[in-house]
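[1] What shape does this take:
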Amino acid sequence: MMTTREIAHLVNGRLHGDADRTLSDVAPLDECGPQEIAYVASEKQLPALRKVQPGAVLAHGDLLPQLPDPAQTPVITVDDPQAAFIEVMLRFRPLPQRATIGVSPNATVSPTAKFGPDCNVHPGAYVGDRVVLGARCEVGPGAVIGDGVILADDVTIHANVVLYHDVHVGPRTTIHAAAVIGADGFGYRLVDGRFLHIPHTGTVVIEEDVEIGAGTTIDRAMIGKTVIGAGTKLDNQVMIAHNCVLGKHNVFASQVGLAGSVTTGDYVQCGGQVGVADHAQIGAGAALGGKAGVSGVVPGGQRYAGQPARPEKDAVKSYIAMTKLPEMRIQLKTLASQVEKLQSQIDQLTRFPESRAA
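    Now for the predicted structure:
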């Protein structure tokens with residue numbers, strides 16, 4: 001339990017209204033009750049706020065005139081309502097503290113593996129030959145750390161992740177359950193009517209502060225490296241093919257798929273189910289809307305949508321035109337019928353002098 005006065009002090013905010021209102025938890029705005037606190041980030045959320053009776057609200061000071069009467073609903077104004085809300089949330093709902101279990105006797109660990117201080121290897125995990133783990137690494141149950149893998153400091157590998165041999169993972173990276181990093185790329189040669197597998201002798205390099213979602217797959221390079229740039233965040237079930245090189249701070253939503261040898265600049269954003277053809281180049285700061293289809297070179301600093309991907313404004317115009325096609329089809333049939341009638345009348349007029357002459 002916390003009072004509104006305590007919360008305002010915690011977030012360095014300004015309290016408007018009852019300082020002794022007692023709150024027990026945080027809640028989404030549209031579900032917030034009399035003993036809970038929510039936050040309002042923009043005017044768009046005000047209609048939702050009017051439908052509930054929250055115990056208190058975090059908001060930017062600019063919104064204060066549009067908020068409920070603070071005498072009824074205390075308001076704490078801050079510069080960044082979402083950041084303040086997260087701070088309050090973690091006070092009400094502290095994250096579990098990291099346990100110290102060391103290397104479980106029920107894990108399978110090569111005698112040649114090396115561990116930094118304060119590492120945890122959970123039961124059922126496998127750690128191969130010549131593996132190096134930095135300080136404070138976490139290897140979850142059932143995870144497989146292949147031969148020659150290097151984990152830098154503070155890497156978290158969740159349950160059932162598979163890191164194939166010689167993958168490198170940078171510091172403070174988190175890889176969520178069932179992700180597979182370093183499998184061979186989808187490369188084959190057609191020889192005498194049969195597809196023959198191309199060996200992939202490269203690796204995957206994941207730079208620092210990366211987060212990789214559950215079930216995501218990142219293939220190793222045929223030669224060289226598949227690279228995931230620093231600070232990049234990949235959602236669940238993303239596919240990155242062999243020899244792709246992602247820039248720093250890319251953000252990809254679920255089911256994005258990159259074919260082989262794609263390159264991206266820094267701060268590229270991909271909505272859900274974006275598909276990128278092989279050898280495409282996406283410039284820094286490009287933002288691709290959901291289901292966009294990308295090939296060739298996409299200049300940076302713009303928003304794109306559609307299949308094939310094109311500037312968002314053009315894609316919207318095309319979409320609007322597509323919605324009008326049924327109406328245009330009817331109009332076209334009507335015009336075609338009218339033209340046919342006019343042509344028939346013209347034919348009659350041009351034949352009339354001939355019949356008179358006869």
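
[2] Look up how far Ile206 lies from the residue nearest to Gly231 when sequence neighbours are not counted.
    Leaving aside its sequence neighbours, Gly231 sits nearest to His249 (C-beta to C-beta, 6 or more residues apart in numbering; 4.1 Å). The C-beta positions use only the backbone N, C-alpha and C, and glycine is treated the same way. From His249 across to Ile206, the span is 14 Å (C-beta to C-beta, to the nearest Å).

[3] more crowded one of the two?
    Each of His249 and Ile206 has its neighbours counted (other C-beta atoms under 10 Å); Ile206 has more, 28 against 18.

[4] Ramachandran coordinates for that one?
    Per-residue torsions, Ile206: phi -110, psi 120 (degrees, to the nearest 10).

[5] Confirm for me that it is in contact with Ala230.
    No: counting by C-beta atoms under 8 Å, Ile206 does not reach Ala230; the two are 9.2 Å apart.

[6] Please enumerate the shared neighbours of these two.
    Gly170 (C-beta atoms under 8 Å, 6 or more residues apart in numbering).

[7] who's in contact with the residue nearest to Gly231?
    Residues near His249 by C-beta under 8 Å, 6+ apart: 229-232, 266-267.

[8] Could you rerun that using 6 Å?
    When contacts are counted by C-beta atoms under 6 Å, 6 or more residues apart in numbering, His249 touches 231, 266-267.

[9] Make CSV out of those and add neighbour count and secondary structure.
    Listed next are those as CSV, based on neighbours: other C-beta atoms under 10 Å; DSSP: H, G, I helix; E, B strand; the rest coil:
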residue, neighbour count, secondary structure
Gly231, 18, coil
Asp266, 17, coil
Tyr267, 19, coil
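
[10] So which of the residues you listed is the closest to Lys44?
    Checking the contacts of His249 against Lys44 by C-beta to C-beta gives Tyr267 as the nearest, at 24.7 Å.

[11] remind me which residues of the stretch 1-150 of the chain are low pLDDT?
    Across the stretch 1-150 of the chain, nothing is flagged by pLDDT under 70.

[12] now do 90
    Applying pLDDT under 90 to the stretch 1-150 of the chain flags residues 97-99.

[13] For the protein, which segments count as helices?
    Counting by DSSP state H, the segments of the chain that form helices are 4-10, 46-49, 81-92, 312-323, 325-357.

[14] Nearest to Val144, out of those helices?
    helix 81-92 (32.3 Å).

[15] Check what contacts the closest one and list those residues.
    Residues from elsewhere that reach helix 81-92, judged by C-beta under 6 Å, 6+ apart: 7, 11, 25-26, 39, 41, 58-60, 78.

[16] For His200, which non-adjacent residue is closest in space?
    Of all residues not flanking His200 in the chain, Asp184 sits nearest, at 4.3 Å (C-beta to C-beta, 6+ apart).

[17] before we move on, what about Gly170?
    Glu208 (3.9 Å).

[18] before we move on, what about Thr232?
    Closest to Thr232 by C-beta to C-beta, 6+ apart is Asn250, at 4.4 Å.

[19] Compute the number of surrounding residues for Ala71.
    9.

[20] what's the answer for the one 5 residues further on, then?
    Ile76 is flanked by 28 other residues according to other C-beta under 10 Å.

[21] same thing with the one 10 residues further on?
    By the criterion of other C-beta under 10 Å, Ile86 has 14 neighbours.

[22] State the distance from it to Ala41.
    Applying C-beta to C-beta, the value for Ile86 to Ala41 is 12 Å.

[23] what does Pro94 give?
    As judged by C-beta to C-beta, Pro94 and Ala41 stand 24 Å apart.

[24] returning to that earlier point: of the contacts of helix 81-92, closest to Pro171?
    Distance to Pro171 across these (C-beta to C-beta) is lowest for Val11, with 29.5 Å.

[25] can you count the residues close to the closest residue to the closest one other than its chain neighbours?
    Distances taken as C-beta to C-beta, 6+ apart place Ala84 nearest to Val11, at 3.9 Å, with adjacent residues excluded. Burial of Ala84 is recorded as 24 neighbouring residues (other C-beta under 10 Å).

[26] can you check the one 10 residues further on too?
    Applying other C-beta under 10 Å, we find 8 residues neighbouring Pro94.

[27] repeat for Val11
    Using other C-beta under 10 Å, Val11 has 22 neighbouring residues.

[28] Next: Asp166.
    18.

[29] ok now do the residue nearest to Thr232, which residues does it touch?
    Contacts of Asn250 by C-beta under 6 Å, 6+ apart are 232, 264, 268.

[30] Let me know the closest of the residues you listed to Val103.
    Using C-beta to C-beta, Thr232 is the member of these that lies nearest Val103, at 29.7 Å.

[31] you'd agree that closest one is up against Glu211?
    No: the pair Thr232 / Glu211 is not scored as a contact, 7.9 Å apart, by C-beta atoms under 6 Å.

[32] Compare neighbour counts for these two and give me the winner.
    Thr232 (26 against 17).

[33] Show the pLDDT at the more buried one.
    Thr232 carries a pLDDT value of 98.

[34] cool, and Ala179?
    For Ala179, pLDDT reads 98.
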